Structures are given as C-alpha cells and as structure tokens.
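# When you get a sec, could you give me coordinates for this:
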Amino acid sequence: MCGRFVQTNAVESIFKRYRFIADHVSTKGPRFNIAPRQPVEVIVREDLETRHESMRWGFVPHWASTDQSGKLLINARGETVAEKPSFKTPFLRHRCLVPASGFYEWKRSGTQKIPYYIGRADEGAVCFAGLWDRWDMQNGSMLHSFSIITTEANALVKPIHDRMPVILHESDEAIWLDTEEHNPEHLQDLLKPYEADLMFAYPVSSVVNRVGHDSVDCLAPGQEQGDLF
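Numbering: from 1, shown residues only. Just a heads-up that it's a prediction; the model follows:
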C-alpha cells in the first residue's frame, strides 16, 4: 500500500513541466509527511484542459451515500481497479497524476514496524498514478478526492512491503491523463512496478510515525538501522 508520501521542492519540476506556476509549493513549503485526509495538489485533465487541483487524499465515489471518512479508500489495487465498483468508472474517465518526491513504507521486524523512505535514485520527483472523483456534499459544495493506485512491489521494495505505488514513466503520463483513452487493457499495461535499479530505500527516524509531524527530520536516517539499499 501507500499510506504516506513526500512532496519536497523537487516536485516543482513536474508542475513546471505542465506549465503551472508552482506557487502552492513555494507558499506552503515542502511537505515531508503527507497522510490520508489531507489536501494534496494533483494534476488532472478534463474538458481538454490540464490543471492542478487540491483534493483530499481518501477517495469517495460520486454515488456514495456518505463521505466514507470512517473507511477511506486511499489506495486502489492496480490488478482489480477496472472491476471494482468504486473505481471502474474513474479508471476510464477520471485519472490523475500525484506528484511526489518519495514515499514511506513500514517493514515488520518482530513486533516492531521500521519506517523506510523510498524514492528515485537520482532524487528526482515522480508521478504516482491516481484516480479521482467528485462527491456532492449536499450543502452546495463538492468534495474532490483521490486514491493512489498500487501494484506488486519490485525487488527493492519487496523486503520492506509487498505493495508499492504505481510510479509512471514521464513518457506514460500523457497517456494516463488522456480522457480519450478508454481502453482498459492499454491503461492496465501502465500499472507495473517501477524499475528497482532506478530507486533507493533507507530506514528513517520513527518521528514519521506521528501524522502531525511534518518536518525534514522525517527523512533522517534511522540510528539503529543498516545502510542504504
């Protein structure tokens, strides 16, 4: 799964690539511990326009009777996303890019869970494959929310966790955003593990376990753990 991720200033390169002025990055500053229920800037394409929009992380399908805050759909499994009632329509019509610098995952070690930070080896920003939808809040406003698609872990991530977010190659981002692309098989071909040799992983400080803690020390190497993978 993917339950926390990071947006440092490196994500500005992605927004600039889509000709957006990343004022939301410079104004809010880097985010080192993004968690479910929080607003996140994502990139969508709708009505022939590509734009960035702040959405809640925790997907609510448009047909839901409540906002499902008790059971947030923060992830969608890539293997079944075309079949699940919550995701099958957004999979064809409401896809988004979730810019990130990296993500966290927790490795079980006896009774403990050790947090790891995982990212691209060159420390460049990436885009996770995401899905979004609108939900009528019945008070005159709409809730826009998203979910991150996951896939099986690659060789680097597998010793830590069996799942990882789908990281799209830059050449595949336009296909993912294309609202005219409705071929589920073509889309599903994009939902594969990112190459392990292009990534890094290392254990980090346990301060990241606290959802409210959002500081660069979340990325500090764990004192009791081993070396960089």
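# Can you list the low-confidence ranges for this structure?
Screening the chain residue by residue with the criterion pLDDT under 70, one finds the ranges 21-28, 68-70, 223-229.
# Show the residue spans covered by the helices in it.
Using DSSP state H, the helices found in the chain span residues 12-17, 23-28, 88-93, 170-177, 184-188.
# Next, the buried residues of the longest one.
By neighbour count, with 16 or more other Cβ atoms under 10 Å as the criterion, the buried positions of helix 170-177 are 172-173, 176-177. In short, each C-beta sits where N, CA and C put it, glycine included.
# could I get it in CSV with only the CA atoms?
Below are the C-alpha coordinates for helix 170-177, written out as CSV (Å, rounded to 0.1, in the frame of the first residue of the first chain):
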residue,chain,number,x,y,z
GLU,A,170,7.3,10.5,-17.9
SER,A,171,6.5,9.1,-21.4
ASP,A,172,3.4,7.5,-20.0
GLU,A,173,2.0,10.4,-18.1
ALA,A,174,0.2,11.9,-21.1
ILE,A,175,-1.5,8.6,-21.8
TRP,A,176,-2.7,8.3,-18.2
LEU,A,177,-4.2,11.8,-18.3
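# Which other helices and strands does that helix contact?
Using 3 or more Cβ pairs under 8 Å, 6 or more residues apart in numbering; DSSP states H and E as the contact criterion, the neighbours of helix 170-177 among helices and strands are strand 39-46, strand 95-100, strand 126-136, helix 184-188.
# Ok, the third one next?
When contacts are defined as 3+ Cβ pairs under 8 Å, 6+ apart, helix 88-93 sits against strand 126-136, helix 184-188.
# most tightly surrounded among the ones you listed?
Of all those, strand 126-136 has the most neighbours on average by mean count of other Cβ atoms under 10 Å, namely a mean of 23.
# Quick check: end-to-end length of stretch 180-192?
21 Å (Cα to Cα, to the nearest Å).
# Give me the contact list for that stretch.
The contact list for stretch 180-192 (Cβ atoms under 8 Å, 6 or more residues apart in numbering) reads 78-79, 81-82, 91-93, 95, 129, 149, 151, 166, 168, 172, 175-176.
# Derive a ChimeraX selection command for the buried subset of the residues you listed.
The following ChimeraX selection, which keeps only the buried ones among the contacts of stretch 180-192, applies the criterion 16+ other Cβ under 10 Å:
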select :78,81,91,92,95,129,149,151,166,168,172,176
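# Report the two of the contacts of stretch 180-192 separated the most.
Greatest spatial distance in the contacts of stretch 180-192: Arg93 and Thr151, 21.0 Å, computed using Cβ to Cβ.
# and stretch 200-220, how far out from the chain's middle?
17 Å (Cα atoms, centre = their mean, to the nearest Å).
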